[in-house]
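> return atomic coordinates for the entry below.
(2 chains)
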Amino acid sequence: MILDIQKLETGYGKLKVLLGVDLHVGKESVGLFGPNGAGKTTLINTIMGMQRPWSGTVKFDGQDIGGKSTHLVARSGIALVPQERELFPGMSVADNLELGAAWVPRAAGIEKRQLDMVVQLFPILKERLKQYVGTMSGGQQRMVAIGRALMANPLLLILDEPSLGLQPSIVAEVFERLALLKKEVAILVTEQNVRESLKAIDRGYVLENGAVALEDSAAGLAKNPHVVSAYLGI
Amino acid sequence: MALKRRATILAALSAAATILILLWKPSVINNGLQQAGLYAAIAIPMGLVLGIVHIVNLAHGEFMMVAAYATYFACRATGMDPLLAVLPAAAVTAAFGWVVFQLTIKRALKAPELNQLILTFGIAIALTQAVNILFTSQTFKLQLDYVSASIDIGEDTFPVWSYVFVAFAILYAVGLKLFLTRTTIGKAALAVGQNPKGAAIVGIDVNRVYGLVFALALALVGAMGALFLTKQSIFPSVGSPYTMKSFCLVAVAGIGNIPGILGASLLLGISEQVLRGFRDTRAWADIVFFVLIIAVILGRSIKWRKS
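Here you go, the predicted model:
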């Protein structure tokens, strides 16, 4: 088990947002769905140490990481592609990618290999290594953010709404690339675009009102009447 | 293209002005350059904390003052030359800065910038008054022979010692440029400045980087404290004009533009010396930097509104 979350509760002030979430990710690609406000981003922030758990456990690679600082979580092998990308706009693509690997022990000594893998995945980045990230389009920045995360040679890659604000053709492309990745790294992805992401995942959770409402394989979710009516819009 | 043409025009104009001043009063250029070196070498460390990691430190000049006092008493007690104290002063000031950062500034980093402003302003007052209580407002000065070094050209005598400040300013600018673009920790500092959240996500210990950059800036300013002491007399409030002028120079250069501080210092140093060249305008020299900062901010605001 790579990521094992049990009975996780957390919130803001007096408001409890996660009411005991159980979720696990093995060597697979897992989707996390649910409406706005269900707690998807809060769950990811708690895994990443940006939000303290109130109770319950977050185990990663056998270690309890609940409440650890973000940079320590990152160094232990979880790479996040945040919703807002959180890149370094005044630095080049090459520097952004380099920083993805520089502080993570798992990536030490294999930066070159990781960079080759990233530019193979996103060939457009190879031509633009010297370009400042702040001058790139949203779609290209999303690729830089995914590339930066992959540079860390992560054990677990978390993507928070990777298709947000992207035109449909690029969304399809991003998911095509993610499907290629799932052999190399465990993936946890939250997504509004359930239809596209079902192609890239093995298993999925539906989070509603701070708790897991449904857990099934991708094929099972695609046939589930609740998922079909609430998320696939048929 | 337009930018390049404007830069060429600006360079030509400043070259013409320099030649005119050189013919009229060569000492203005000589003194102006050395003064500019002093300003730049003190402002560049502020450019690092303010421009790169966005910490407002209004106690900047006061930390230099403390370093100068420490150097003065160390030199008087041991008979050591302050030039030998440059590195120790850097180390001690960096350590002092690290402690101050951990105890105070670190806790205000996530608060609105106004809190940092008030906090560091308070530190500035505390440092000044502490020195005032310990050593009174009396001025201290070391008598050193080498600071009156000069060169005779024709009938004029040009003092040259303060070119050591110019050397340090260039050393600082080049060194920091290399540090920020070539080293992993330098790039981490840039990353933290541009996006602290993004920096934490890639495994950078953000608070540590803030502390390191702050301590590095204080090391540079501590070295300047020892160097400052060679030429100038020191008293409790000697640092405060340098805080203001450094702030002004960093703003004029543009936040984050460390080499630009060299140019801004040149402009300030030489304008001040030109005004000092006339008896009637001598008293105005001290407010040149106000005029400069108002002009630049107005200019930028107008340009910003147009675009």
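> contacts only, for the residue in the stretch 1-150 of chain B that chain A sits nearest to.
In the stretch 1-150 of chain B, no residue comes nearer to chain A than B:Ile52, which is 10.2 Å away by CB to the nearest CB. The C-beta positions use only the backbone N, C-alpha and C, and glycine is treated the same way. Counting by CB atoms under 8 Å, 6 or more residues apart in numbering or on different chains, B:Ile52 touches B:Leu180, B:Ala189, B:Leu190, B:Gly193, B:Val213, B:Gly256, B:Ile258.
> at 7 Å instead, please
Listed by CB atoms under 7 Å, 6 or more residues apart in numbering or on different chains, the contact partners of B:Ile52 are B:Leu180, B:Ala189, B:Leu190, B:Gly193, B:Val213, B:Gly256.
> OK, contacts around the first one?
Residues in contact with B:Leu180 (CB under 7 Å, 6+ apart) are B:Ile52, B:Gly186, B:Ala189, B:Leu190.
> next, count neighbours for A:Lys223.
Here the number of neighbours of A:Lys223 (other CB atoms under 10 Å in any protein chain shown) works out to 10.
> so A:Glu9, which state does it fall into?
strand (DSSP: H, G, I helix; E, B strand; the rest coil).
> I'd say it and A:Thr57 touch.
No - under the criterion of CB atoms under 7 Å, A:Glu9 makes no contact with A:Thr57, lying 10.8 Å away.
> of these two, which one has the most company?
A:Glu9 (16 against 13).
> please tell me how far the more buried one sits from A:Leu188.
Between A:Glu9 and A:Leu188 the distance, using CB to CB, to the nearest Å, works out to 19 Å.
> break chain A into its domains for me.
Chain A resolves into domains spanning A:3-77+A:155-232, A:85-150 when parsed by automatic domain parsing.
> okay if I get the ones you listed as JSON lines plus distance to B:Leu229 and mean pLDDT?
Written out in JSON lines, the entries for the domains of chain A read as follows (distance: least, CB to CB, whole Å; pLDDT from 0 to 100):
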{"stretch": "domain A:3-77+A:155-232", "distance to B:Leu229": "40", "mean pLDDT": "90"}
{"stretch": "domain A:85-150", "distance to B:Leu229": "37", "mean pLDDT": "94"}
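> any idea of the pLDDT on the closest residue to B:Asn257 other than its chain neighbours?
Nearest non-adjacent residue to B:Asn257, counting by CB to CB, 6 or more residues apart in numbering or on different chains: B:Gly51, 6.9 Å away. The model reports B:Gly51 with a pLDDT of 88.
> for the contacts of B:Ile52, work out which two are farthest apart.
Longest distance between any two of the contacts of B:Ile52 is 13.0 Å, between B:Val213 and B:Gly256; criterion CB to CB.
> of the two, who's got more company?
Comparing B:Val213 with B:Gly256 by neighbour count (other CB under 10 Å), the higher total belongs to B:Val213, at 26 against 18.
> and residue 183, how many neighbours does it have?
You didn't pick a chain, so chain A it is. A:Lys183 has 8 neighbours, counted by other CB under 10 Å.
> ah, no, chain B please
Residues near B:Thr183, counting by other CB under 10 Å, number 11.
> please apply the same query to A:Leu150.
Number of residues near A:Leu150 (other CB under 10 Å) recorded here: 25.
> find the nearest non-adjacent residue to it, please.
Leaving out its chain neighbours, the residue that sits closest to A:Leu150 by CB to CB, 6+ apart is A:Val118, at 5.4 Å.
> which helix or strand contains the one you found?
Assigned by DSSP states H and E, A:Val118 falls within helix A:111-121.
> for that helix, name the packing helices and strands.
Helix A:111-121 sits against helix A:93-102, helix A:123-127, helix A:138-151, with contacts defined as 3 or more CB pairs under 7 Å, 6 or more residues apart in numbering or on different chains; DSSP states H and E.
> at 10 Å instead, please
With contacts defined as 3 or more CB pairs under 10 Å, 6 or more residues apart in numbering or on different chains; DSSP states H and E, helix A:111-121 has these neighbours: helix A:93-102, helix A:123-127, helix A:138-151, helix A:168-181.
> just for the stretch 151-300 of chain B, where's the confidence low?
Under the criterion pLDDT under 70, no range of the stretch 151-300 of chain B is flagged.
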